[in-house]
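>>> sharing a model prediction with you, sequence too.
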Amino acid sequence: MVKQMEETRAASAEHCDVLIVGAGISGVGGAYFLRQQCPDINFVILDAEETFGGTWWTHRFPGIRSDSDLYTFGYSFKPWVGPPIATAEEILSYMDEVIEENDLARYIRYRHKVLKAHWSEEDSLWTIMAVRGDTGETVRFTCCFLWMCQGYYRHYEGYTPDWQGMDDFKGVIGHPENWPEDLNYDGKNVLVIGSGATAATVIPAMAATAAHVTMLQRSPTYFRSGRNEIEISETLRELGIEETWIHEITRQKILFDQSAFVERCFEEPEKVKQELIGQVREQLDPDYDVDKHFNPAYPPWRQRLAFVPDGDVFQGINAGKASVVTDHIDRFTEKGVLLQSGQELEADIIVTATGFNMNIMGDIDFAINGKPLNFHDTITYRGMMFTGVPNMAWVFGYFRASWTLRSELIADFVCRLLNHMKKTGAKSVEPALRAQDKDMPLFDWIDEDDFNPNYLKRAISILPRRGDKREWRHTQDYWREKNEFPAIDLEDEVFVYRLGARSTAAAD
Ligand SMILES: Cc1cc2nc3c(=O)[nH]c(=O)nc-3n(C[C@H](O)[C@H](O)[C@H](O)COP(=O)(O)OP(=O)(O)OC[C@H]3O[C@@H](n4cnc5c(N)ncnc54)[C@H](O)[C@@H]3O)c2cc1C
């Protein structure tokens with residue numbers, strides 16, 4: 001197959017300097033950076049969907065909204081002017097403006113699902129094979145540099161545990177990633193399995209018209225709540241300050257506060273835990289069993305901490321429209337689920353808000369010089385490049401801060417790297433262990449003591465590995481990376497450049 005792709009390449013492939021996979025918030029942001037910082041580079045974005053937005057386009061469950069603020073989830077270069085927690089529709093409309101204002105639509109090819117990406121050292125090119133969703137036609141591209149902005153999970157295949165008896169259930173089972181379009185839940189009893197950010201979103205939205213919504217969790221999660229506004233931005237707006245200023249000042253204020261909070265989560269976890277649980281207690285009726293349902297077993301911020309605007313989940317509980325059950329499922333039944341405690345929860349609709357199925361690089365079949373590539377055999381360079389994989393960058397954002405903060409740091413780095421290669425005439429670059437790294441111990445991609453959601457744990461065997469030095473780790477530390485990434489020395493011996501036939505540690 002590799003040979004066949006190589007043979008047909010010259011005849012039928014369209015060539016570009018850079019090919020971006022994905023027109024979500026990362027890919028569109030990447031395109032903006034390319035236009036600004038590398039105006040001579042020609043590029044194409046391919047996306048399997050019929051439009052831009054990624055996550056915000058493919059998810060259709062009731063109430064879908066961000067769980068981090070849009071001042072930092074939005075781009076640094078485009079002011080966010082709405083409430084900090086935004087609906088998918090508001091995020092799509094913001095992205096639409098970014099595309100329009102920066103003339104990015106002409107670079108995007110929708111309905112192009114990338115299936116293969118094969119690197120050939122001989123001509124320093126990637127050959128990309130995609131299939132068109134509209135015509136079914138197979139199309140080929142060649143590119144010098146591949147920029148993977150494909151997100152981190154399968155958009156149409158959420159994770160659902162295989163519970164016994166699921167086929168016996170007579171009602172409807174829906175996963176937030178495959179929301180049944182015509183699902184009417186007015187006056188129905190809904191059971192939501194899970195207690196993460198998605199459950200916290202879907203529960204108040206459905207509780208508005210459902211008869212009752214029950215959240216069933218194996219174990220409690222942390223929530224933060226507050227008003228859906230940022231005081232400083234409201235004050236600045238009242239003072240008539242320009243939106244670009246408000247955006248930047250608000251971003252810096254949020255980042256400053258978050259940094260202090262994350263630091264406290266690691267330095268005094270017990271104190272922060274009690275504060276978070278105390279906030280929940282304040283919002284629920286005095287006799288509510290907070291210790292049973294909202295007292296997590298892990299320290300704060302080891303899993304994503306969902307923000308609940310205006311405490312809407314808790315309001316639903318106080319109003320009797322929603323409730324929480326903490327127990328384990330024994331099996332599904334005709335009427336609902338039987339719990340290990342012996343209680344049966346009846347429902348018309350069961351929503352399995354049980355998480356993602358991670359995928360690595362959009363499930364694309366990668367090969368390097370004819371050899372299939374298994375990313376678990378590679379070591380990550382700062383969570384954005386991989387040993388043995390030339391001319392490729394991968395965007396994986398933050399969990400403890402907004403995703404986009406990291407996608408922009410990577411975008412700036414990629415543009416610097418591309419400009420450097422152009423200036424030096426380098427045809428390819430890949431990170432490689434230096435002499436001082438050779439005996440470095442290697443570990444799984446994520447440090448479980450640092451961040452350990454289940455979907456990451458399930459994917460460890462397919463994720464790249466890491467070392468014990470900062471260069472060889474994928475950190476969650478925006479506050480250090482924001483200074484480190486722009487200062488990365490492109491001539492460091494970690495970067496192995498190829499200038500045609502010759503290979504050098506750093507192109508000069
Ligand atoms: C419900 C939900 C809420 C979230 N809320 C937040 C939040 O508030 N804050 C936060 O920081 N993060 C949040 N996240 C995480 C979120 O996914 C990211 O922050 C961000 O949207 C990811 O953007 P992206 O562009 O990198 O990837 P995605 O949004 O996943 O977009 C990737 C794009 O690549 C395309 N693609 C993938 N594979 C291929 C292929 N093989 N060929 C062609 N195209 C391909 C997809 O079609 C998609 O359009 C949330 C996630 C979910 C699911």
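Received the coordinates, thanks. Computed from a prediction, not measured in an experiment: that's the story for all the values here.

>>> low pLDDT regions in the stretch 251-400 of the chain?
The stretch 251-400 of the chain contains no residues with pLDDT under 70.

>>> interface residues of it facing the ligand?
Residues of the stretch 251-400 of the chain lying close to the ligand (C-beta under 6 Å from any ligand atom) are 362, 364, 395, 397. The C-beta positions use only the backbone N, C-alpha and C, and glycine is treated the same way.

>>> contact partners for the last one?
Residues in contact with G397 (C-beta atoms under 8 Å, 6 or more residues apart in numbering) are 26, 403-407.

>>> ok, those vs R465, which is closest?
Each of the contacts of G397 was scored against R465 by C-beta to C-beta, and R406 proved nearest at 19.4 Å.

>>> let me know the pLDDT of that closest one.
Looking at R406, its pLDDT reads 97.

>>> can you check F451 too?
F451 is given a pLDDT of 68.

>>> so in terms of bridging, what pairs with V324?
Legend: beta-bridge partners of V324 under DSSP bridges are M215.

>>> that one and H212 touch, don't they?
No: the pair V324 and H212 does not pass the contact test of C-beta atoms under 8 Å, sitting 12.0 Å apart.

>>> ok, those two, which is more surrounded?
Taking other C-beta atoms under 10 Å, V324 and H212 do not tie; V324 has more neighbours (21 against 17).

>>> contacts only, for that one.
If a contact means C-beta under 8 Å, 6+ apart, then V324 has 195, 214-217, 293-294, 317 as its contacts.

>>> run the chain-centre distance for the longest strand along the chain.
The strand spanning the most residues in the chain, taking DSSP state E as the definition, is strand 138-148. With C-alpha atoms, centre = their mean, to the nearest Å as the basis, the distance from the averaged C-alpha position of strand 138-148 to the chain average is 22 Å.

>>> how about the CA coordinates for that strand, as CSV?
Once non-C-alpha atoms are left out, strand 138-148 reads as follows in CSV (Å, rounded to 0.1, in the frame of the first residue of the first chain):
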residue,chain,number,x,y,z
THR,A,138,-10.0,9.3,-2.4
VAL,A,139,-7.8,12.4,-2.6
ARG,A,140,-4.1,12.8,-2.0
PHE,A,141,-2.0,15.7,-0.8
THR,A,142,1.7,16.0,-0.2
CYS,A,143,3.1,18.5,2.3
CYS,A,144,6.4,19.4,3.9
PHE,A,145,5.0,19.8,7.4
LEU,A,146,2.0,18.1,9.1
TRP,A,147,0.3,20.0,11.9
MET,A,148,-2.1,17.7,13.8
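
>>> helices or strands up against that strand?
helix 2-12, strand 14-21, strand 43-46, strand 125-132, strand 392-394, helix 403-424 (3 or more C-beta pairs under 8 Å, 6 or more residues apart in numbering; DSSP states H and E).

>>> give the next helix or strand downstream of that strand.
Read in the C-terminal direction, the helix or strand following strand 138-148 is strand 172-174, with elements assigned using DSSP states H and E.

>>> next structured bit after that next one?
Downstream of strand 172-174, the next assigned helix or strand under DSSP H and E is strand 189-193.

>>> tell me where this structure has helices.
With helices called from DSSP state H, the chain shows them at 2-12, 25-37, 55-58, 70-73, 88-101, 197-207, 231-238, 243-267, 269-283, 290-293, 312-318, 403-424, 454-459, 478-484.

>>> contact residues of the stretch 1-150 of the chain facing the ligand?
Residues of the stretch 1-150 of the chain found near the ligand, taking C-beta under 6 Å from any ligand atom as the criterion, are 21-27, 46-49, 54-55, 59, 64, 66-68, 73, 113-114, 149-150.

>>> about what we covered before: show me which of the residues of the stretch 251-400 of the chain next to the ligand is closest to A88.
Closest approach to A88 among these (C-beta to C-beta): G397, at 17.1 Å.

>>> so what's the closest one closest to, chain neighbours aside?
Taking C-beta to C-beta, 6 or more residues apart in numbering as the measure, G397 lies nearest to W403, with 2.9 Å between them; neighbours along the chain are not counted.

>>> you'd agree that neighbour is up against G24?
No: W403 is not in contact with G24 according to C-beta under 8 Å; the separation is 9.4 Å.

>>> higher neighbour count, those two?
Neighbour comparison, W403 and G24: the larger count goes to G24, with 25 against 22 (by other C-beta under 10 Å).

>>> check contacts around that one.
Taking C-beta under 8 Å, 6+ apart, we find G24 in contact with 47, 52-56, 149, 151.

>>> and A208, by the same measure?
K321.

>>> over to G27?
Per C-beta under 8 Å, 6+ apart, neighbours of G27: 20-21, 45, 47, 54, 147, 149.

>>> so for the nearest residue to it once chain neighbours are set aside, what's the pLDDT?
Using C-beta to C-beta, 6+ apart and skipping the chain neighbours, the partner closest in space to G27 is C149 (3.6 Å). The predicted structure scores C149 at 98 on the pLDDT scale.

>>> any idea how far F52 is from F356?
From F52 across to F356, the span is 21 Å (C-beta to C-beta, to the nearest Å).

>>> paired strands for the longest strand of the chain, with orientation please.
Determined by DSSP bridges, the sheet partners of strand 138-148 are strand 14-21 (parallel), strand 125-132 (antiparallel), strand 392-394 (parallel).

>>> the residue nearest to G27: neighbour count?
Quick note: C149 (other C-beta under 10 Å) scores 27 neighbours.

>>> okay, the helices and strands packed on strand 138-148 in CSV with distance to E267 next?
Conversion of the helices and strands packed on strand 138-148 to CSV gives the following (distance: least, C-beta to C-beta, whole Å):
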stretch, distance to E267
helix 2-12, 52
strand 14-21, 39
strand 43-46, 42
strand 125-132, 45
strand 392-394, 31
helix 403-424, 22
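
>>> quick one, which of these is nearest to W163?
Between W163 and the helices and strands packed on strand 138-148, the shortest separation by C-beta to C-beta is 30.8 Å, and it involves helix 403-424.

>>> buried sites along the closest one?
Across helix 403-424, burial judged by 16 or more other C-beta atoms under 10 Å covers 403-418, 420-421, 424.

>>> how about stretch 423-433?
Using 16+ other C-beta under 10 Å as the test for burial, stretch 423-433 gives 424, 426-431, 433.

>>> show the average pLDDT along stretch 495-508.
The average of the pLDDT scores along stretch 495-508 is 62.

>>> do stretch 190-205 as well
Averaging pLDDT residue by residue across stretch 190-205 gives 92.

>>> pull up the distance across that stretch, start to finish.
With C-alpha to C-alpha, to the nearest Å as the measure, the first residue of stretch 190-205 is 12 Å from its last.

>>> quick one: contacts for E334?
With contacts defined as C-beta under 8 Å, 6+ apart, E334 is in contact with 168-170.

>>> between the two ends of stretch 123-138, how far is it?
Taking C-alpha to C-alpha, the span from the opening residue of stretch 123-138 to its closing residue is 22 Å.

>>> same thing with stretch 166-176?
End-to-end span of stretch 166-176 (C-alpha to C-alpha): 17 Å.
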